[in-house]
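Chemist: sequence first, then the predicted structure:
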Amino acid sequence: MTIRVRFAPSPTGFLHVGGLRTALYNYLFAKHHQGKLILRIEDTDRSRFVENATDNLINSLSWAGISFDEGPIQGGDFGPYLQSERLPLYKKFADVLIQKDEAYYAFDSEQEIEEMRNRLSAEKKDPKYDRMSMKNSLTINDNSVKEWINSGKPYVIRLKIPETGNVVFNDIIRGEVSVPCKDIDDQVLIKSDGFPTYHLANVVDDHLMQISHVIRGEEWLPSTPKHVLLYKAFEWDMPAFAHLPLLLNKDKTKLSKRQGSVAVEDFIEKGYLKDAFVNFIALLGWNPTSDREIYEIKELIELFNLEKVNKGGAVFDTQKLDWMNAQYLRKLPVGQLCEMLENELIKRNFPVKEKEYLEKVIKLFIERVNFINEIPEIADYMFRPPEEFDENLKIKEWKQDSPQIIKLYLETINNTSEFSHDTLYQITKQFCDENNLKLKNIAQLLRLMITGKSAGAGMFETMEVIGKKIVIERIENFLKNHS
Ligand code: GLU
């Protein structure tokens, strides 16, 4: 069997992280089975149309390295791959269902539908479309229907759901799913504006595009019984279904914008590394082994197995994502890290230093950050003199006799030609012993004067990288302004 899967987003603005997970699982599944991955843009809901949304989607997907075999850009034998370019097709297939008496025209006005729903809820009945009440719902064979259509009366086409029995289908992740027909509404297939609904267009295209497996988010599970009935009504073979678990916030509610970013483009903007992000997304609902979390894309493809995807919701843990980013960051070649740091400095209008200097800064801070862009934030003093000095630290460490002590200390370091952290440690230690001072206090004073901050990397390592000339300049400046 040829594996053909698809990612079928509706372009409503941006790529949601849940959408990326769906796209990625489809990609891993296709690659694992040497199958084909199709991108199909489901843009038939004109009320939700957003300018540039398709380009945004495609940009985010290609940033993540998800490539398609067929799609709006790649083309392919089963296109066009934009549903808005396939409209006449859907009408044709809706007519097929009418002919087979599996669907019917309905001419209700919005007001009638509302009255019906109000009446049903007053009677404490399910407010679903009540065919019995719809005197106007007739089949094409009825002459009055033809007259109404010819007179331009607005209509929709609805699927005729069987009145009894169950819809039963198998889900690769969830097993057998069974839903009583009486709980299913007579789904609108063609809307009064002539556009197909998601359900009709989706099933028609999955059939025509020869999709073997429908892999999508759990939020589409309630739609599947309708799709199963559509396949039956058309007498088409059904694809296999797999509904991926919901993504959750840390408090186990459904992942939402209110608790943080959900758009892939926001994560790109924040500086996440592609490989780290994709690795993290891949593990939302699946982990191929129990002993590790870092996987190259090659391994993900090799190990991917839909049967092993969990049913339960997957928590989108940003702390874990940051940790993952740090793991990938630390593995990058130092040359690449230098380039990334240089870009961050340029963005912030910081003075750009030579490569050797950036390399040393990176060695000093790489274990302390999750992102390269944190370095100029937490250690701006590595690139320019501190603009302010931590007030609490100053109150704690800068005492009346401090200027005198520091002047003495300055002489000591002025006289040293060796400015390595080892030497700095030795001479500072000796200085403290001779003057009955604590090394810790001197180190904190140095931190205050040289960095302006209360915490950072090892102080003598920091001084070594900043260099003797600048260290002395900063101490002298501080003395000048604080004596
Ligand atoms: N257009 C739907 C979406 O926006 C596709 C759901 C499906 O994959 O069937 O996610």
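Modeler: Structure's in. What do you need?
Chemist: count of residues packed around whichever residue of the stretch 301-450 of the chain sits closest to the ligand?
Modeler: Of all residues in the stretch 301-450 of the chain, residue 306 sits closest to the ligand, with a separation of 14.6 Å (Cβ to the nearest ligand atom). Bear in mind the C-beta positions are built from the backbone N, C-alpha and C, glycine included. Other residues lying near residue 306 total 17 when counted by other Cβ atoms under 10 Å.
Chemist: now the one 10 residues further on
Modeler: Neighbourhood size, residue 316 [other Cβ under 10 Å]: 22.
Chemist: contacting residues for it?
Modeler: Residue 316 makes contact with 17, 247, 248, 249, 250, 255, 284, according to Cβ atoms under 8 Å, 6 or more residues apart in numbering.
Chemist: apply 10 Å and report the result again.
Modeler: 17-18, 21, 247-250, 255, 259-262, 280-281, 284 (Cβ atoms under 10 Å, 6 or more residues apart in numbering).
Chemist: so where's this structure uncertain?
Modeler: Applying pLDDT under 70 to the chain flags the ranges 132-143.
Chemist: close to the ligand: what parts of it are there?
Modeler: Residues of the chain lying near the ligand by Cβ under 6 Å from any ligand atom: 8, 9, 10, 42, 198, 202, 216, 220.
Chemist: repeat the analysis, applying 8 Å as the threshold.
Modeler: By Cβ under 8 Å from any ligand atom, the residues of the chain that approach the ligand are 6-10, 12, 19, 22, 42, 198, 202, 206, 214-217, 219-220, 223.
Chemist: how near is residue 168 to residue 232?
Modeler: Residue 168 is 11 Å from residue 232, where distance means Cβ to Cβ, to the nearest Å.
Chemist: next: residue 188.
Modeler: In terms of Cβ to Cβ, residue 188 sits 18 Å off from residue 232.
Chemist: show me which of those two is the more surrounded one.
Modeler: Higher neighbour count among residue 188 and residue 232: residue 188, with 18 against 13, using other Cβ under 10 Å.
Chemist: quick check: closest non-adjacent residue to the more buried one.
Modeler: residue 156 (4.8 Å; Cβ to Cβ, 6 or more residues apart in numbering).
Chemist: now do the phi/psi pair for that neighbour.
Modeler: Per-residue torsions, residue 156: phi -120, psi 160 (degrees, to the nearest 10).
Chemist: in what helix or strand does the residue located most distally from the centre of the chain lie?
Modeler: Centroid-distance maximum for the chain: residue 434 at 58.4 Å, with Cα atoms, centre = their mean. Using DSSP states H and E, residue 434 sits within helix 421-435.
Chemist: chain center to that helix: distance?
Modeler: 51 Å (Cα atoms, centre = their mean, to the nearest Å).
Chemist: buried residues, that helix. List them.
Modeler: For helix 421-435, burial by neighbour count (16 or more other Cβ atoms under 10 Å) applies to 424, 425, 427, 428, 431, 432.
Chemist: could I get it in PDB with only the CA atoms?
Modeler: The C-alpha trace of helix 421-435 is given here as PDB (Å, rounded to 0.1, in the frame of the first residue of the first chain):
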ATOM      1  CA  HIS A 421      42.200  34.000  36.200                       C
ATOM      2  CA  ASP A 422      44.700  31.800  38.100                       C
ATOM      3  CA  THR A 423      47.100  34.600  38.700                       C
ATOM      4  CA  LEU A 424      44.300  37.000  39.600                       C
ATOM      5  CA  TYR A 425      43.000  34.600  42.100                       C
ATOM      6  CA  GLN A 426      46.500  34.100  43.600                       C
ATOM      7  CA  ILE A 427      47.300  37.800  43.900                       C
ATOM      8  CA  THR A 428      43.800  38.700  45.200                       C
ATOM      9  CA  LYS A 429      44.000  35.900  47.800                       C
ATOM     10  CA  GLN A 430      47.500  37.100  48.900                       C
ATOM     11  CA  PHE A 431      46.200  40.700  49.000                       C
ATOM     12  CA  CYS A 432      43.300  39.600  51.300                       C
ATOM     13  CA  ASP A 433      45.600  37.700  53.600                       C
ATOM     14  CA  GLU A 434      48.000  40.600  53.900                       C
ATOM     15  CA  ASN A 435      45.200  43.100  54.600                       C
END
